[in-house]
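1. let me see the structure of the following:
(chains A, B and C)
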Amino acid sequence: MTIYNYYPGCTLSTKAKKLDRTARRCAEKLGFPLVELPEWQCCGAVYPQAPDAVGERLAAVRALAAARDNGGVLVALCSACYHVLKRVNDDMANVSSIRDTVNGYLDLERPYAGETKVSHYLEVLRDTVGWKRLASLVTHPLTGQRVGGYYGCLLLRPGRVMALDDPEAPVILEEFLRALGAEAVLYDERNECCGSYLSVTQPTYCREMTDRILRSAADAGAEWLVTACPLCAYNLVHQRGREQQVGVVYFTELLAQALGLTEGGDAQ
Amino acid sequence: MQKIGVFVCWCGSNIAATVDVARVVAAAREVSGVVYAADYPYMCSEQGQDLVARAVREHGLNRLVVCACSPRMHEKTFRACAERNGINPYQVEIANIREQCAWILKDKDEATAKAIVLMKAAVAKALLDEPLAPGESPVTKRALVIGGGIAGIETALDIAEAGYPVDIVEKEPSIGGKMAQLDKTFPTLDCSACILTPKMVDAAQHPNIRILSYSEVEAVRGFVGQFEVDIRRKARSVRADLCSGCGICAAKCPSRQADSEFDAGLRKRGAIYIPFAQAIPKVPVIDRTQCLKFRTGKCGVCSVVCPNHCIDYEQKDEILTERYGVIVLATGFELLDLKRFGELGWGRSKDVITSLQLERLTNAGGPTEGRLVCPSTGREPKRVVLVSCVGSRDTTDRGKTYCSKICCMYNAKHAMYIREKYPDTDVTVFYIDVRTPGKGFDEFQRRAVEEYGVHYIRGLVGKVDVHRDGTLHLTAGDLNSGRQIEMEPDLIVLAAAVTPSPDARRIAGLVTASIDNDGFYVEAHPKLRPVESPTAGIFLSGMCQGPKDIPETVAQAGAAAVKAIGLLAKDKLLANPCTARCDEQRCSGCEICVQVCPYGAITAEDKTVVTLEGVRETRPVAVVNEALCQGCGACSAACPSGAMDLKGFTNREILAEVDALCW
Amino acid sequence: MTAANVNPAEIRTPEQEADYTEQLLRLADTPVRRCIQCGRCTGACPMAKHMDLVPNRLVWELKNGRASVVLAARSPWDCLSCFACETRCPRGISPAACMEAARLMAIRPAGAPVLTAEEVAALDPEMPQQGIVAAYRKFSK
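-> Numbering: from 1, shown residues only, chains lettered A, B, ... in the order given. Next up, the predicted model:
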């Protein structure tokens, strides 16, 4: 029996509790209960690209090593956590200078070399549960709802390392939405960045990005967007122009609703 | 008694700058069996060979060791020199002191020491060299050309004109290839069909040419001069001997689901179809995956309407077995599948097309009768964007590392004729470099800019948005202004990388031709033998060897024909005498050699042999077919009892070399 | 937002240029020499239109040893690390990593962080932790 070690990350324990709560309840129902790592620290929210940024990688490696020692699978929900964990894992597997230095710092019982399989929650749905089975478990199908999957950047890119889906023509969120009975709306900006951390320093630029994404989604006929990332959700909701109408929810909220586990799709 | 002469070449400064040739000569004189040693600046020159001849005469030499460049370069030269002077050519050894010594070492002492060791190894082998005589094999005076595009047609015509029969095997229902799909050709802008169709007709009418269309090569046996080839003639479901090519069947076929290959998916075709008006042969074919009769059992319309009763649903594939002296590969190219370039709008908008689709959209015989339109709306585009290098010069896993070579020129061609026919349509070409080497090529591209007002922007497109109303929006780098630019074109044309035909790999396996990492056939020498495969009797014509334009393809096709004719003109071929030999006394009949032989040259046969212990018995032993053996040595390496040996490279000789190297 | 802590105006000699370039290249750790200046990164970048030194030019200047130009640019502070450039680069280069190298050169020396605690304190209370941590990592030591 696979143990689904779970890395919630900072925001899911605070401002994005909804994402965390719905995901856990659905996982329970779908037969892959999430087991939160007993100890974890914030992943750092951004992947440290410089090869000498070792300290910035330690938190991720601690989580990865803990997952290795408990069955070898680590599930993340937040796009940023998933991105950081997967890329640091790739470094630990393939970049000997980083691997050696990190292991030197951490002094683990057993040195870590990228053994853990990092999965996004969506990947578990796709590869373990399967869309067909998921569809068969839906009790409250989202029939008639026009929903766009919003990938943003961190789930997919860089494609070589993330390898979740084709970074230029992804399908995983659309397949997910269709399994729930919704109409998956394709729109151009679904894999463009929401403005990310620029909402802290240059909100006008961020607004420009989100407006373009929301316009593109509205233009294609979407009523809702689903996302996996709390920062995307915040930017799309709080850094938007007044005229934008499209709603934004976490993908797990729709999942819970379709599985009959929630009181209703409460949007941010 | 062996009398060996050692000849050390300077190769100008190639060897002499790094190897002290005088010391090599001095060392040679000390080696037992060597009666003469000398050095010379260019041993391969006429004077150098005269020096060898004189030494043979004056010192009674009966074996030669030449310390020079790789045997790939000049082994033939010195073998011929030996033969002229009464020495068996297989008693010549080459010590490679250039590529394997002088070129890779810097220190002169080190290089000289290595050259001396290599010389000693060659002498050790020369001492054991036995005289060998090549056998002879006959030549079947017929050529096979695989692929019926412009390359294959041209090669076939040239061989046929020289008087030899040629078969063209083409997997599609018609010959013509990619050139038949093109509208115009650069740099003269003449109509592609106008220059190709007469060639197709010439091929069809030539008494020496047989066209086997809708056919595929399935197996190849034998070797140069005597290839035996199985050709699968796929069932057309139409009797070619009765068909008049009227086309009524295709016109009446109720199935209209399949994309027309010829029109690059821009039009549907029937399940029974003639690919294009000038097809040769003009005989339709039933695509059984689409045909209602084959899928559901109901229909049969074509059979009803055919005035000559040609439709034959029962027709079966046939295997035709033929013998050929030579095989020319002309398998052509395809365009890279752009499914991983989603950011450029590929697959999201009908108005994002490939350059080949554009050819069909501007061709009078195409789906729009030559009217350039946006496929989504049927309206004429006012702004057209051409994007270069989509998948070319791309070192990531979604592209090809090479330059596809033809795109810069066809982009200029497309831009020019769009501007010519639709002066109100704006054309922009995005590019990294404009590559126009070739006669009249740069002038042609400059005309596009200077006379036709085509915009060239240095930079590529990074993202294409497709709006709900179908309009396109792109962002691109504009390198000369150092900024990002946006455009809203009506039509985007992607210059997809060219790739070898997917069939090339399979055929390479059948004829043991080498292919490179990209799937193009490898030539025997990149400069000096550009149209020959390293496998004897296999020649290369056109795009299957690497990206090239039509003039180059035709030139190469002619060159391949000349090489093929040169072979067909011979009555006999000398066979390589360095073939495997089985010591039947030692052979245990384990048949490992039979399994490892890549040429099928070894069989196990029952023979009566006297064993090493003197017992006479009948048992299976390995028998080598010298005509098939290519002398690769796999069997002698694999043989557990040491029975297999390779003439010219016997185990004793190799061990003697190793001893000399290690001593 | 303040400019880089390494004052590009102080890079005067060819030796200093070479030294800073080497440091940048070590931090970027991406094969800039493979760049053929196709401009796809700039075409792909969602922030390029606001940048003073667009991605392809930043890679170009870095490749050609002009650290002073790279460090004087504002674009690293506009970069979103969305990796569109890296994913679409046909040569396997990460312009995003070059942007990060320029940021690190500026924020690593001890002293004034580019993003201060006061600036963060003034943020929207709804801002998720993830955003604050990300901005801190990108703009501060």
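2. could you pull out the helices for chain C?
-> Listed in chain order, the helices of chain C (DSSP state H) span C:14-28, C:40-44, C:55-63, C:67-72, C:84-88, C:95-107, C:117-121, C:129-139.
3. go through those helices and pick out the most buried.
-> Across the helices of chain C, averaging neighbours per residue (mean count of other Cβ atoms under 10 Å in any protein chain shown) puts helix C:40-44 on top, at a mean of 31. The C-beta positions use only the backbone N, C-alpha and C, and glycine is treated the same way.
4. hmm, it touching chain B?
-> Yes. Using Cβ under 8 Å from any Cβ of the partner chain, helix C:40-44 reaches chain B at C:40, C:41, C:42, C:43, C:44.
5. and which of these is nearest to residue B:472?
-> Lowest distance from residue B:472 to the residues of helix C:40-44 next to chain B (Cβ to Cβ) belongs to residue C:43, with 14.0 Å.
6. can you give me the distance of residue A:233 to residue A:44?
-> From residue A:233 across to residue A:44, the span is 20 Å (Cβ to Cβ, to the nearest Å).
7. which of the two has more neighbours?
-> The neighbour count for residue A:233 versus residue A:44, taken as other Cβ atoms under 10 Å in any protein chain shown, is higher for residue A:233 (27 against 24).
8. pretty sure the more buried one is touching residue A:16, no?
-> Yes. Counting by Cβ atoms under 8 Å, residue A:233 touches residue A:16, with 7.3 Å between them.
9. for those two, list the residues in contact with both.
-> A:250, C:128 (Cβ atoms under 8 Å, 6 or more residues apart in numbering or on different chains).
10. so the residue nearest to residue B:604 when sequence neighbours are not counted, which state does it fall into?
-> In this structure, residue B:604 finds its nearest non-sequential neighbour in residue B:620, 4.3 Å apart by Cβ to Cβ, 6 or more residues apart in numbering or on different chains. The assignment at residue B:620 comes out as strand when based on DSSP: H, G, I helix; E, B strand; the rest coil.
11. beta partners for residue B:620?
-> Beta-bridge pairing for residue B:620 (DSSP bridges): residue B:606.
12. nearest to the spatial middle of the chain, which residue is it?
-> You didn't say which chain, so I picked chain A. residue A:79 (3.2 Å; Cα atoms, centre = their mean).
13. wrong one, I was asking about chain C
-> residue C:99 (2.4 Å).
14. where does the stretch 251-400 of chain B come near chain A, residue by residue?
-> Taking Cβ under 8 Å from any Cβ, the part of the stretch 251-400 of chain B that reaches chain A is made up of B:339, B:340, B:341, B:342, B:343, B:347, B:348, B:396, B:397.
15. near chain C, from those?
-> Answer for those near chain C (Cβ under 8 Å from any Cβ): B:343, B:396.
16. tell me the one of the residues of the stretch 251-400 of chain B next to chain A nearest chain A?
-> Nearest to chain A among these: residue B:342, at 3.2 Å, using Cβ to the nearest Cβ.
17. and the helices of chain C, which one's lowest on average pLDDT?
-> Among the helices of chain C, helix C:117-121 carries the lowest mean pLDDT, at a mean of 78.
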